[in-house]
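1. next one to model:
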Amino acid sequence: MFFRRPAAKRTKPAKTLVVLGSGGHTAEMLMLMDSMPLQLYSPRTYVVAATDPMSGNKALTREQKWQKTTSPTGFVVHQIPRSREVGQSYITSIGTTLYSLVFAFGLVFLERPEMVLVNGPGTCIPICAAAFVYRVLGLGRAQIVYVESIARTRRFSLSAKLLYHLRMADLLFVQWEALAKTYPRAVYAGRLY
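-> All right, here's what the predicted structure looks like:
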């Protein structure tokens, strides 16, 4: 579904790292995952901000539901420091983002995902940066897949802009055709959930 090479050519599931964010980001990501063949994306590692226990709990609840309806696969939930708290100035967020990046490098190295699936919370930027740097250095192989929020109809979110313009995302899906026209490397996928 999300890999550049067709899933039919894959011989085993892809170890997948999923970043969840507070509010609508987690709800959208879990709805997206409801429509995915999860046996192809396992084991799963969830990353949540340390100040966002609700997202981790939602992942746990959803995984328990999935485990009952599909063949059991492994999963784990990790926390990292938030890059930027709600209302925090962009200037002070430079330091907190660098702090989060240190944790992200350790986590991505530990988990060694084949795919990083994100949809826009600020917490995803350090994770994507770490996965990208490891891949460039030949120390990792993760494909970065970004799915822009359904709420973004005309302009990219800050996370999408960064991943798009820095060319970190291997695939960047949008759910509105107007966005694909504005950003030609984005893939218009229609409504995904």
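2. how many neighbours does residue 162 have?
-> 18 (other CB atoms under 10 Å). In short, each C-beta sits where N, CA and C put it, glycine included.
3. per-residue pLDDT, it?
-> Each residue has a pLDDT score; the one for residue 162 is 96.
4. surely it and residue 125 touch.
-> Yes: the pair formed by residue 162 and residue 125 meets the contact definition of CB atoms under 8 Å, at 6.1 Å.
5. any idea which residue sits dead centre in this protein?
-> Nearest to the geometric centre of the chain sits residue 118, at 1.8 Å (CA atoms, centre = their mean).
6. look up how far residue 182 lies from it.
-> 20 Å (CB to CB, to the nearest Å).
7. repeat that for residue 148.
-> 11 Å.
8. neighbour-wise, which of those two wins?
-> More crowded of residue 148 and residue 182, by other CB under 10 Å: residue 148, with 28 against 13.
9. pretty sure the more buried one is touching residue 169, no?
-> No: with contact defined as CB under 8 Å, residue 148 does not reach residue 169; the gap is 10.1 Å.
10. now residue 152, what are its backbone angles?
-> Per-residue torsions, residue 152: phi -90, psi 100 (degrees, to the nearest 10).
11. hmm, it is touching residue 178, no?
-> No: the criterion here is CB under 8 Å, and residue 152 misses it with residue 178 at 10.0 Å.
12. and these two? which has more neighbours close in?
-> Between residue 152 and residue 178, counted using other CB under 10 Å, residue 152 has the larger neighbour count: 16 against 13.
13. what pLDDT does that one get?
-> On the pLDDT scale, residue 152 gets 91.
14. flag every buried residue along the top helix by length along the chain.
-> Longest helix in the chain, counting residues (DSSP state H): helix 90-111. Neighbour-count burial for helix 90-111 flags 93, 96-97, 100-101, 103-105, 107-108, 111 (criterion: 16 or more other CB atoms under 10 Å).
15. pairing partners for the helix or strand just after it, with directions?
-> Next helix or strand after helix 90-111 toward the C-terminus (DSSP states H and E): strand 115-118. Strand partners for strand 115-118, identified by DSSP bridges, are recorded as strand 16-19 (parallel), strand 143-147 (parallel).
16. what average pLDDT does strand 115-118 get?
-> Per-residue scores along strand 115-118 average to 98.
17. residues of the helix or strand just after it that come out buried?
-> Next helix or strand after strand 115-118 toward the C-terminus (DSSP H and E): helix 124-136. Of the residues in helix 124-136, 124-135 count as buried by neighbour count, 16+ other CB under 10 Å.
18. can you give me the pLDDT of residue 128?
-> Looking at residue 128, the pLDDT reads 98.
19. ok, it - contacts?
-> 116, 118, 144, 146, 163, 168-169 (CB atoms under 8 Å, 6 or more residues apart in numbering).
20. out of those, which is most surrounded?
-> Neighbour-wise, the contacts of residue 128 (other CB under 10 Å) top out at residue 116, 29 neighbours.
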